[in-house]
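*Asks:* turn this into a model:
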Amino acid sequence: MIAFLRGKLLEKHPNQVIVETAGVGYDVVIPISTFSMLPDSGAEVALRIHTHVREDALALFGFLTAEEKTLFERLISVSGIGPALAIKVLSGLATAAIIDAIRGGQVDQLVRIPGVGKKTAERMVLELKDKLEGLGSGAPPAGVSVRAEPALSGIEQDVLSALLNLGCQRAAAEAAVRKAKSSETGSTFEPMFRKALELVR
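*Replies:* As a prediction, this is how the structure comes out:
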């Protein structure tokens, strides 16, 4: 099983990266929290990997922090939550906010994540409330973007792509991105994405 991957970042998208290691390009699914902290394409990157094996597929899920990976693995242990939905959960809220919501039984907070219904949120709280030892104890890693892009168009496209990957309708997502751009979100990906996600609901 692949548990760790270090190599050249060939491509990056809001929910996917391709990492080249020893001449092989690995297609890795990532959450928004990891995407927002990635270096520029061409730089070296190190990801913690969860290898998910099914009868018909082998998929790699990558995370920049051990906490993200651990939370992902806790989430997929919940009945009814597969890897794709777990990535959406990690993309929909900051890691610390997810942990706080589960510990505090805040179902209303969890159902705001696209794809998470009330029953799924209730199961998350019920099954994980006492299984998050050691998580969220410290401050979450700073989501400082290292991609200081002067023009917002690239970032806006990334935010739009991320919203579409979460299942949002294109028209609503585009409107949310435009509103987020005009608010005080700055010019980095994660603040704009979080604001757009709030507005698209």
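*Asks:* now Leu166. Its backbone dihedrals?
*Replies:* phi -80, psi 0 (degrees, to the nearest 10).
*Asks:* please disregard the earlier target; I meant Ile113.
*Replies:* According to degrees, to the nearest 10, Ile113 has phi -80, psi 130.
*Asks:* show me the helices in the chain, by range?
*Replies:* 32-35, 66-75, 83-92, 95-103, 107-110, 118-128, 153-165, 170-182, 189-200 (DSSP state H).
*Asks:* how about these in JSON lines, adding mean neighbour count, distance to Leu135 and mean pLDDT?
*Replies:* C-betas here are computed from N, CA, C, even on glycine. Shown next, in JSON lines, are those (neighbours: other CB atoms under 10 Å; distance: least, CB to CB, whole Å; pLDDT from 0 to 100):
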{"stretch": "helix 32-35", "mean neighbour count": "27", "distance to Leu135": "14", "mean pLDDT": "89"}
{"stretch": "helix 66-75", "mean neighbour count": "20", "distance to Leu135": "6", "mean pLDDT": "93"}
{"stretch": "helix 83-92", "mean neighbour count": "22", "distance to Leu135": "12", "mean pLDDT": "92"}
{"stretch": "helix 95-103", "mean neighbour count": "20", "distance to Leu135": "5", "mean pLDDT": "89"}
{"stretch": "helix 107-110", "mean neighbour count": "18", "distance to Leu135": "16", "mean pLDDT": "91"}
{"stretch": "helix 118-128", "mean neighbour count": "17", "distance to Leu135": "10", "mean pLDDT": "94"}
{"stretch": "helix 153-165", "mean neighbour count": "19", "distance to Leu135": "24", "mean pLDDT": "78"}
{"stretch": "helix 170-182", "mean neighbour count": "16", "distance to Leu135": "29", "mean pLDDT": "79"}
{"stretch": "helix 189-200", "mean neighbour count": "22", "distance to Leu135": "20", "mean pLDDT": "83"}
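*Asks:* could I get those helices as JSON lines with distance to Thr51?
*Replies:* Below are the helices of the chain laid out as JSON lines (distance: least, CB to CB, whole Å):
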{"stretch": "helix 32-35", "distance to Thr51": "16"}
{"stretch": "helix 66-75", "distance to Thr51": "11"}
{"stretch": "helix 83-92", "distance to Thr51": "10"}
{"stretch": "helix 95-103", "distance to Thr51": "21"}
{"stretch": "helix 107-110", "distance to Thr51": "27"}
{"stretch": "helix 118-128", "distance to Thr51": "22"}
{"stretch": "helix 153-165", "distance to Thr51": "21"}
{"stretch": "helix 170-182", "distance to Thr51": "31"}
{"stretch": "helix 189-200", "distance to Thr51": "27"}
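*Asks:* good, we can wrap up now.
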